[in-house]
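# quick one, what's the 3D model for this:
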Amino acid sequence: MGRLFGTDGVRGIANQELTAELAYKLGQAGAYVLTKETHHEAKILVGMDTRRSGDMLESALIAGICSVGAHAISIGVVPTPAVAHLVREYGVDAGVVISASHNPVEYNGIKFFDSEGYKLRDELEEEIEAIILDHAEVLPQPIGDKVGTKIVKEDALDDYMTYLTATMDVDLTGIRVAIDCANGAAYKAAPLVLMELGADVHVIHNEPDGTNINKNCGSTHMEDLANYVKEVGAQIGLAFDGDADRCLALDENDKLIDGDQIMAICGIHMKAQGKLPHNTIVATVMSNLGFFIMGKQQGIHIEQTKVGDRYVLEEMIKDDFKLGGEQSGHIIFLDHNTTGDGVLTGLKLLSVLKKTGKKASELAAVMEILPQVLVNAKVSNDKKYTYMEDIEIKQAIDQLEAKFAGDGRVLIRPSGTEPLVRVMIEGKDQEELTKAAEKLAKLIQERLQ
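Numbering: from 1, shown residues only. Here you go, the predicted model:
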């Protein structure tokens, strides 16, 4: 796979790129790096989403953890943010999630959390990588009663749901909500928490079979939810991704409410309550121009970071900001959790809906979305970071930037998790943007195969 860690852990096609052997090595190296400073028998939480390959990778990963003397606590299928939260609640040394988030079922991934529930700093990932790829350190090989063990904790999901309900200061009685669980990790937690809070809940895609995660459903395919919102007369629809760290919404007219709009809605409400420190929301450069215009209108400063929730989180921690996230619906409420939490995001949005008595469409109207086109160029994975070294591609990008200067913007970036270069253009004319983005993406794809 070359460089192991992308922007969100290690990902690849399960059993080809992300093999059981690599999972074993990640278990070994990850457990060693994250627990070598402890002076007790280390404990590491292991959770996963609903992919069939999860069982294979969990077995290998846990074997690796135990082989260096750490103890693995298997908590089964849970949302990624459950692991981030429960690491802190249980006082364990680290957490690992086996998931490829919104990616198709053939992919899987492994990502680590430290003892505070944060994704790993670059230097820790590099240390793990160096052990696996460069044999930088000799790992311990304990024997006898020093070998680690596996513990299965059956009630972890219940503990996570108890935490979620405790974040709410209002019940959801009278709110009819339709949800799409993506046949993924939220298939139990999301409907149960919403029902516990009194909502009238209608659910689709909550029957995972190991192969149907994200398949024409969830936050990346919202057509079924749009039809379902109309069918059941829901006031709002919520869609999660495979590992439930993202949430997107639909209003009562089945119109999309994206991550930027969710942050705008929640940010304005938090500001009114005096709960938005420094009147600031942290977002990435991919956020819509309309989001920044909303900020100026509402007296909210938008702090920009590179693409990736880790960079959003770093900025939030550095300056004590409490709300940040991405257009994709990966939103961090730092008062509650250390990573994006799709179910929590849905709860916060429903809380504003209930407290204000407004329709979802009215809440979303605080922000106008300017036309934005995103086209993916499929490229060779080892060439995706070299696009600016190609003279023809660079000239085409320079020409587009000059064309849209003042009326829009051009943003090109390689995907951190897939063999793609993403072309995003914003402006006023949707048709013109689409043609320009598709032309550039085609060029990049041709030149970087």
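# what ranges do the strands span in the stretch 1-150 of the chain?
Ranges of strands in the stretch 1-150 of the chain, per DSSP state E, counting those that start in this stretch, are 5-6, 9-13, 43-48, 71-77, 94-98, 107-113, 150-152.
# and the contacts of the second one?
Counting by Cβ atoms under 8 Å, 6 or more residues apart in numbering, strand 9-13 makes contact with 1, 4, 18, 22, 26, 97, 100, 103, 106-112, 119, 417-418, all of which sit outside it. (C-beta placed from N, C-alpha, C; glycine too.)
# and for the fifth one?
Strand 94-98 is touched from outside by 9, 23, 27, 30-31, 34-35, 42, 44-49, 51, 54, 57-58, 61, 65, 80, 83-84, 86-87, 108-115, 117, 243, with contacts defined as Cβ under 8 Å, 6+ apart.
# tell me where the model's unsure across the stretch 1-150 of the chain.
1-2 (pLDDT under 70).
# which one of the strands of the stretch 1-150 of the chain is the most hemmed in?
Of the strands of the stretch 1-150 of the chain, the one with the most neighbours on average (mean count of other Cβ atoms under 10 Å) is strand 94-98, at a mean of 28.
# now do the strands in the stretch 251-400 of the chain.
Under DSSP E, counting those that start in this stretch, the stretch 251-400 of the chain gives strands at 256-257, 280-284, 301-305, 323-325, 331-333, 372-378.
# among the ones you listed, which comes closest to Lys428?
Lys428 lies closest, by Cβ to Cβ, to one member of the strands of the stretch 251-400 of the chain: strand 372-378, at 11.0 Å.
# and the closest one, what other elements does it pack with?
strand 420-426, helix 430-447 (3 or more Cβ pairs under 8 Å, 6 or more residues apart in numbering; DSSP states H and E).
# partner strands of it, parallel or antiparallel?
Sheet pairing of strand 372-378 (DSSP bridges) gives strand 420-426 (antiparallel).
# for Leu400, see how far away Pro419 is.
Distance of Pro419 to Leu400, given as Cβ to Cβ, to the nearest Å: 23 Å.
# please apply the same query to Gln298.
Gln298 is 31 Å from Leu400, by Cβ to Cβ.
# same check, this time on Lys384
Taking Cβ to Cβ, one finds Lys384 at 19 Å from Leu400.
# quick one on the thing from earlier: make JSON lines out of the strands of the stretch 251-400 of the chain and add mean neighbour count, distance to Lys153 and mean pLDDT.
Output for those, formatted as JSON lines (neighbours: other Cβ atoms under 10 Å; distance: least, Cβ to Cβ, whole Å; pLDDT from 0 to 100):
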{"stretch": "strand 256-257", "mean neighbour count": "20", "distance to Lys153": "35", "mean pLDDT": "98"}
{"stretch": "strand 280-284", "mean neighbour count": "26", "distance to Lys153": "33", "mean pLDDT": "97"}
{"stretch": "strand 301-305", "mean neighbour count": "17", "distance to Lys153": "35", "mean pLDDT": "96"}
{"stretch": "strand 323-325", "mean neighbour count": "27", "distance to Lys153": "29", "mean pLDDT": "98"}
{"stretch": "strand 331-333", "mean neighbour count": "26", "distance to Lys153": "25", "mean pLDDT": "98"}
{"stretch": "strand 372-378", "mean neighbour count": "20", "distance to Lys153": "39", "mean pLDDT": "92"}
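# a markdown table for the ones you listed, including distance to Ile151?
Listed next are the strands of the stretch 251-400 of the chain as a markdown table, based on distance: least, Cβ to Cβ, whole Å:
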| stretch | distance to Ile151 |
| --- | --- |
| strand 256-257 | 41 |
| strand 280-284 | 37 |
| strand 301-305 | 38 |
| strand 323-325 | 33 |
| strand 331-333 | 29 |
| strand 372-378 | 42 |
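# any idea which of those strands gets closest to Leu353?
Per Cβ to Cβ, nearest to Leu353 of these: strand 256-257, 10.7 Å.
# just the helices in the chain please.
20-35, 53-67, 80-90, 122-134, 156-166, 189-196, 223-232, 259-272, 289-298, 309-319, 342-356, 360-364, 391-404, 430-447 (DSSP state H).
# elements contacting the first one?
Applying 3+ Cβ pairs under 8 Å, 6+ apart, one finds that helix 20-35 contacts strand 43-48, helix 53-67, strand 94-98, strand 107-113, helix 122-134.
# same thing but 6 Å
helix 53-67, helix 122-134 (3 or more Cβ pairs under 6 Å, 6 or more residues apart in numbering; DSSP states H and E).
# so how far is the longest one from its chain's centroid?
If you compare the mean C-alpha spot of helix 53-67 with that of the full chain, they lie 23 Å apart, counting by Cα atoms, centre = their mean, to the nearest Å.
# buried residues in it, which are they?
For helix 53-67, burial by neighbour count (16 or more other Cβ atoms under 10 Å) applies to 53-54, 56-67.
# dump those to TSV, plus distance to His221.
TSV is the format used below for the buried residues of helix 53-67 (distance: Cβ to Cβ, whole Å):
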residue	distance to His221
Ser53	21
Gly54	21
Met56	26
Leu57	25
Glu58	27
Ser59	30
Ala60	30
Leu61	29
Ile62	32
Ala63	35
Gly64	34
Ile65	35
Cys66	38
Ser67	40
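# which of those sits closest to Leu440?
Ser53 (34.8 Å).
# low pLDDT regions in the stretch 251-400 of the chain?
If you take pLDDT under 70 as the line, the stretch 251-400 of the chain has no such spans.
# what sits against the residue nearest to Pro104 when sequence neighbours are not counted?
Distance criterion Cβ to Cβ, 6 or more residues apart in numbering; nearest residue to Pro104, sequence neighbours excluded, is Asn214 at 6.3 Å. By Cβ atoms under 6 Å, 6 or more residues apart in numbering, the contact set of Asn214 is His102, Ala182, Gly242.
# what about Val343, neighbour count?
29 (other Cβ atoms under 10 Å).
# do the same with Asp335
11.
# neighbours of the residue nearest to it when sequence neighbours are not counted, how many?
Nearest residue to Asp335 in three dimensions, chain neighbours excluded: Lys322, at 5.4 Å (Cβ to Cβ, 6+ apart). Neighbours of Lys322 under the rule other Cβ under 10 Å: 19.
# mind checking how far Lys322 is from Ile393?
Lys322 is 39 Å from Ile393, by Cβ to Cβ.
# now swap in Glu368 and tell me
Distance of Glu368 to Ile393, given as Cβ to Cβ: 32 Å.
# what about those two, which has more around it?
The neighbour comparison of Glu368 against Ile393 (other Cβ under 10 Å) goes to Ile393, with 21 against 14.
# name the nearest residue to that one, sequence neighbours excluded.
Per Cβ to Cβ, 6+ apart, closest to Ile393 is Tyr387, 5.2 Å.
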